[in-house]
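1. missing the sequence, but the structure's below:
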């Protein structure tokens, strides 16, 4: 849907694409807890969209999307120790995909949490993310 919006070009379309993307990063319970007044959600999304459009171009956003959509890794070929971090409520990167990857990767640990923050949990769940990173890095931390 975002690429169809971007095909129209311009900052307002980029801002709208970002607003739609944000709705995939957060969970409905988080929105409801942050905005008891539903009318406050639209201006919040608009601010985020406008800030994003001021920093990025449509072409940069398309390039990022294409990179994410076309990047392929065969987990069986990864030789380095790997830790995957999943969030049950993440709709952008569902835990089922991470579990499938972990099952195919030879040296992979999978950590899964539940978080009201959905996809943004890796930014907002500092304690568990920090612990997971320290454990993954071991002596290097």
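-> Right, received. Where do you want to start? Please read all numbers here as calculations on a predicted model, not as lab measurements.
2. Wait, a helix at residue 137?
-> Yes. Residue 137 sits within a helix when classified using DSSP: H, G, I helix; E, B strand; the rest coil.
3. Any figure for the gap between it and residue 17?
-> Separation of residue 137 from residue 17 (C-beta to C-beta, to the nearest Å) stands at 35 Å. For glycine as for every other residue, the C-beta is placed from the backbone atoms N, C-alpha and C.
4. okay, residue 48: pLDDT?
-> Predicted confidence (pLDDT) at residue 48: the value is 94.
5. ok so, going back, quick one: which of residue 137 and residue 17 has more around it?
-> residue 17 (24 against 11; other C-beta atoms under 10 Å).
6. Return the residues in contact with the spatially most central residue of the chain.
-> In the chain, the residue lying closest to the centroid (C-alpha atoms, centre = their mean) is residue 119, at 4.5 Å. Residues near residue 119 by C-beta atoms under 8 Å, 6 or more residues apart in numbering: 24-26, 87, 90-93.
7. just checking, it is part of a helix?
-> Yes. Judged by three-state DSSP, residue 119 forms part of a helix.
8. What score does it have for pLDDT?
-> Looking at residue 119, its pLDDT stands at 94.
9. How about residue 45?
-> So residue 45 comes in at 95 (pLDDT).
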